[in-house]
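[1] heads up, no residue letters with this:
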């Protein structure tokens, strides 16, 4: 009963014009008060159309504190204003941000409320100071702006302290995207956009901007960048750098694809290319060019050579070829007969030693093709080099022939020695005694062998003598 003596009931009226704010914060207010002032009961009732009554019941100290708390919340609302801010419809999506994150952040930062009412029925009180500022900015009243641009614009209602509303409007103005246009040649659009739009998407995600590229087939070379001014400026700088890099690359590619064509007698092509194309490959590496020789099976001009690369490099490569041709024109070709018995010893099996000789004497040694009636070896090069190579080949031939003759004589001598040893071996050495090689010679005996062969004497007819004069 003593506790009941300390229980009191009190109430406070809240102006009806704060109904919207009250409805939004009703649950939050009840939760805050019940947590702070434990055991207190709070009721909200409507007093006609003009006010809301908040009834509090509990300990006297708690009721007094809760009453002051509510007054502290709603008294500043008497100086609250509501203004509206109009943005173009085309910027609305960018302005709001993902999941309205941008405007929600402004509402939290400046302690204001942002609402997006139905544009058909705008019934909003606008503070005269804010309305005058909007009128000076747009040249007409705010209400006129809302009604005249319903289809083109979006309206945002800002509620809060007048200072907070002004600061929130400035923040909203900062969100209005800035648009910059970049001149991009249409043939560069595919490189800027990238496969499946990867290039342009990278710029958009890196700088948080939106881009608009002209449709394929249109004559427009403009790419529009929309976003915050600072971000748009950074994106524009990067895009311009990409354009300059692409143009430089295209120009360099055109210079690198310069083609120089000249004629050269087809009979010199194989000599210029060298063994397995070594000579021409060296020229290509030294001058960073590509050299194309016509194929015999094609219908190309057989004496035309094409050099591709930078112009100065192609000219230098041509000079190198002409210098080589000048040497070739001074070359001589000589054929020398080589003994077939020592040819493989000189040039290696299949001619594998020829490349080494060519490098040593700077000549071109060619073996006759298989089955050819001409078995001579050709040596092509400068006269002095050819003569040195021929002398070297003849020296090798002489050496291998002498070695072959010595080998044959040694083989014959060895053969005779072996036969002699076999003949002179004794019968005890498992050699047959009745063989022809073991037959012994005896002195001529008389024809009368009756002592040794008595039967033969009877069988043998009488011996007749030839007629003698």
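    Received, thanks. For clarity, every value in this text was computed on a predicted model and none was experimentally measured.
[2] pretty sure residue 257 is touching residue 308, no?
    Yes. The pair formed by residue 257 and residue 308 meets the contact definition of CB atoms under 8 Å, at 6.3 Å. Backbone N, C-alpha and C define where each C-beta goes, glycine included.
[3] more neighbours, the two?
    More neighbours surround residue 308 than the other of residue 257 and residue 308, with 17 against 11 (other CB atoms under 10 Å).
[4] part of a strand, is the more buried one?
    Yes. Counting by DSSP: H, G, I helix; E, B strand; the rest coil, residue 308 is located in a strand.
[5] can you tell me the closest non-neighbouring residue to it?
    The shortest distance from residue 308 to any non-neighbouring residue, by CB to CB, 6 or more residues apart in numbering, is to residue 290 (4.5 Å).
[6] check which element follows the helix or strand where residue 327 lies along the chain.
    Remark: residue 327 resides in helix 311-330, with elements defined by DSSP states H and E. Counting by DSSP H and E, the next helix or strand C-terminal to helix 311-330 is strand 332-336.
[7] what residues does that next one touch?
    Here strand 332-336 makes contact (CB atoms under 8 Å, 6 or more residues apart in numbering) with 374, 376-383, 386, 390, 393-394.
[8] that strand pairs with which strands?
    Partners of strand 332-336 in the sheet, by DSSP bridges, are strand 377-381 (antiparallel).
[9] quick one: the partner strand to helix 311-330, angle?
    Angle between the axes of strand 377-381 and helix 311-330 is 130 degrees (criterion: axes from the mean of the first three to the mean of the last three CA atoms, to 10 degrees).
[10] quick one: strand 377-381 to chain centroid distance?
    Strand 377-381 sits 49 Å away from the centroid of its parent chain (CA atoms, centre = their mean, to the nearest Å).
[11] and stretch 254-261, by the same measure?
    On CA atoms, centre = their mean, the centre of stretch 254-261 falls 25 Å from the chain's centre.
[12] what comes up buried for that stretch?
    Under the neighbour-count criterion of 16 or more other CB atoms under 10 Å, stretch 254-261 has 258, 260 buried.
[13] what about it, average pLDDT?
    In this model, stretch 254-261 carries a mean pLDDT of 93.
[14] how far does that stretch stretch from one end to the other?
    17 Å (CA to CA, to the nearest Å).
[15] now tell me what touches that stretch from outside.
    304-311, 314-315, 318.
[16] with stretch 173-190 instead?
    87, 91, 94-95, 102-103, 106, 192, 210, 213-214, 219-229, 232-233, 236, 239-240, 243, 246-247.
[17] can you say which two of the contacts of stretch 254-261 are spatially most distant?
    304 and 310 (20.5 Å; CB to CB).
[18] could you flag which of the contacts of stretch 173-190 are buried?
    87, 91, 94-95, 102-103, 106, 192, 210, 213, 223-228, 232, 236, 239, 243, 246.
[19] residue boundaries of the strands in the stretch 301-450 of the chain?
    304-309, 332-336, 363-366, 377-381 (DSSP state E, counting those that start in this stretch).
[20] parallel or antiparallel, list what pairs with the longest one.
    When sheet partners are counted by DSSP bridges, strand 304-309 sits next to strand 258-263 (antiparallel), strand 290-292 (antiparallel).
[21] so, low pLDDT: which residues of this structure?
    1-6, 16-26, 47-50, 75-79, 118-152, 216-219, 297-300, 407-469 (pLDDT under 70).
[22] residue ranges of each domain in it, please.
    Annotated domains of the chain cover 2-78, 80-175, 179-247, 258-330, 333-403 [automatic domain parsing].
[23] how far does the third one stretch from start to finish?
    Criterion CA to CA; first-to-last residue distance in domain 179-247 is 24 Å.
[24] the stretch 101-250 of the chain: helices as residue ranges?
    101-110, 128-138, 142-148, 162-175, 189-193, 198-207, 229-256 (DSSP state H, counting those that start in this stretch).
[25] thinking residue 97 is in contact with residue 106, fair?
    No. Using CB under 8 Å, residue 97 makes no contact with residue 106, being 10.0 Å away.
[26] re the thing from before, could you give the angle of the helix holding residue 327 to helix 229-256?
    Going by the same axes, to 10 degrees, helix 311-330 makes 20 degrees with helix 229-256.
[27] and helix 311-330, what's buried?
    313-318, 320-321, 324, 328.
[28] ok, now stretch 364-378?
    Buried residues in stretch 364-378 (16+ other CB under 10 Å): 364-367, 377-378.
[29] quick revisit: same list, the strands paired with strand 304-309, but as CSV with distance to residue 200 please.
    CSV is the format used below for the strands paired with strand 304-309 (distance: least, CB to CB, whole Å):
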stretch, distance to residue 200
strand 258-263, 33
strand 290-292, 35
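[30] roughly how far does residue 323 sit from residue 247?
    Look at residue 323 and residue 247: by CB to CB, to the nearest Å, they are 37 Å apart.
[31] kindly report the same for residue 61.
    80 Å.
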